[in-house]
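> One predicted model, sequence on top.
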Amino acid sequence: MSSARLLVQLAEDDLRKIVRGEVTALLAEERPAEPPPVLLDREQLARQLSISSKTLDRLRGRPGFPEVRLGDSPRFFVADVLAWLKASGAGLRLVPKAAP
């Protein structure tokens, strides 16, 4: 059995483009793109945190609660609120899971 060889000549710029494209593709596979931050309104955030709107309003009254405004409407980045809850404690208590 004989093996055939194929010799291809590429211009240096073409080779760079090919290598750059392959490297970019490999890096994209290794690091999945992060979803953009989610900006929620008051009701959406309360649902996301599984708390009442009244409880959310109490938390919003505490110093440093992360909130942005779009006009007169408060909006919340979920990641910022979760980080604030973890850092501040905010009266959180762990509830043990019920035994199966």
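Yes, it's here.

> Arg42 against Leu56, yeah?
Yes: counting by C-beta atoms under 8 Å, Leu56 is a contact partner of Arg42 at 6.4 Å. C-beta: built from backbone N, CA, C; applies to glycine.

> quick one: the helices in this protein?
Applying DSSP state H to the chain gives helices spanning 12-30, 42-49, 53-60, 78-88.

> can you give me how far the lowest-mean-pLDDT helix or strand in the chain is from the chain middle?
For the chain, using mean pLDDT, DSSP states H and E, the weakest element among its helices and strands is helix 12-30, scoring a mean of 84. For helix 12-30, the distance from its own C-alpha centre to the chain's C-alpha centre is 26 Å (C-alpha atoms, centre = their mean, to the nearest Å).

> Same question for stretch 72-84.
13 Å.

> Report how many residues lie close to the closest residue to Ile51 other than its chain neighbours.
Using C-beta to C-beta, 6 or more residues apart in numbering and skipping the chain neighbours, the partner closest in space to Ile51 is Leu59 (8.0 Å). Using other C-beta atoms under 10 Å, the number of residues around Leu59 comes to 18.

> Leu59 and Phe65 touch, don't they?
Yes: here Leu59 reaches Phe65: they are 5.9 Å apart, a contact under C-beta under 8 Å.

> ok, now which ones touch Arg60?
Glu67, Pro74 (C-beta atoms under 8 Å, 6 or more residues apart in numbering).

> again, 10 Å this time
Arg42, Leu45, Pro66, Glu67, Pro74, Phe76, Val81 (C-beta atoms under 10 Å, 6 or more residues apart in numbering).

> And the closest residue to the last one other than its chain neighbours, what's its pLDDT?
Which is Val81. Leaving aside its sequence neighbours, Val81 sits nearest to Pro66 (C-beta to C-beta, 6+ apart; 5.8 Å). The per-residue pLDDT reported for Pro66 equals 95.

> before we move on, what about the one 3 residues further on?
Model confidence at Arg69, given as pLDDT, is 94.

> Look up the pLDDT of the nearest residue in space to it that is not next to it in sequence for me, please.
Nearest non-adjacent residue to Arg69, counting by C-beta to C-beta, 6+ apart: Arg75, 7.1 Å away. As predicted, Arg75 sits at a pLDDT of 96.
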